[in-house]
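1. Sequence and predicted model, in that order:
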Amino acid sequence: MEKSSLIAIGKVTGVHGLGGNLKVISFSDSLEPFQKGSRVALESPPEQRDQTWNTDESEQWYHIQKASPYKKGILLVLEGVDNRNKAEALIKKEIFIKKDDLPELEEDTFYWQDLLGLEVIDRTRGSLGIIDHIFPTGANDVLVVKRGDVETLVPVIPAVILSVDIPNNQMEIDLPEGL
């Protein structure tokens, strides 16, 4: 299976209790990608991942038994992760799902993975660089746009994001003064 056919939907940040419950930060605004019975793969973040990662290996896949809101994230129960030791081994792992298994998106909404690598063009400043990664803040997501050693943080809010053109690999923004 190609890595490009998978999409990251969250990351394990810790454990809860002794029964193998995982604390997860979601890369989605809803629990939809974390439906009971969904099959997910867990793997290290890209910078720590072996480039030969083979997602067809069955031991990397888990079925979701339960997902529920928990503080600012999700409490996730995976089949086969039934004790704290097994859960702790998954801390810092990213959670992937087959792109085809994801729900249809509403108009003008995108999966984070679809935005990574887009060139960001500011209406007045021109090209700011490429979207390197995205992180949630609670109020809104923030794009980290890199050009060499320079990082620009771009809030994902309607007043700033003017257009997203996935086929042409570009995003047009209007960054307020001072950012």
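-> Good, I have the coordinates. For clarity, every value in this text was computed on a predicted model and none was experimentally measured.
2. Now do the domain split for this structure, please.
-> For the chain, the structural domains run 3-101, 112-173, going by automatic domain parsing.
3. Can you lay out these as a markdown table showing mean neighbour count and mean pLDDT?
-> The way it works is simple: take the backbone N, C-alpha and C, and place the C-beta from them, glycine included. What follows is the domains of the chain, written out as a markdown table (neighbours: other C-beta atoms under 10 Å; pLDDT from 0 to 100):
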| stretch | mean neighbour count | mean pLDDT |
| --- | --- | --- |
| domain 3-101 | 16 | 84 |
| domain 112-173 | 14 | 92 |
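4. Helices of this structure, residue ranges please.
-> Taking DSSP state H to define them, one finds helices in the chain at 84-88, 112-115.
5. With respect to residue 138, which of those helices lies nearest?
-> helix 112-115 (15.9 Å; C-beta to C-beta).
6. Just give me how far that closest one sits from the chain centre.
-> Centroid displacement of helix 112-115 relative to its chain, using C-alpha atoms, centre = their mean, to the nearest Å, is 8 Å.
7. Please save the CA atoms from it in PDB.
-> Output of helix 112-115 as PDB, limited to C-alpha atoms (Å, rounded to 0.1, in the frame of the first residue of the first chain):
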ATOM      1  CA  TRP A 112      -4.400  18.600   6.900                       C
ATOM      2  CA  GLN A 113      -2.300  16.200   4.800                       C
ATOM      3  CA  ASP A 114      -3.800  17.700   1.600                       C
ATOM      4  CA  LEU A 115      -2.400  21.200   2.700                       C
END
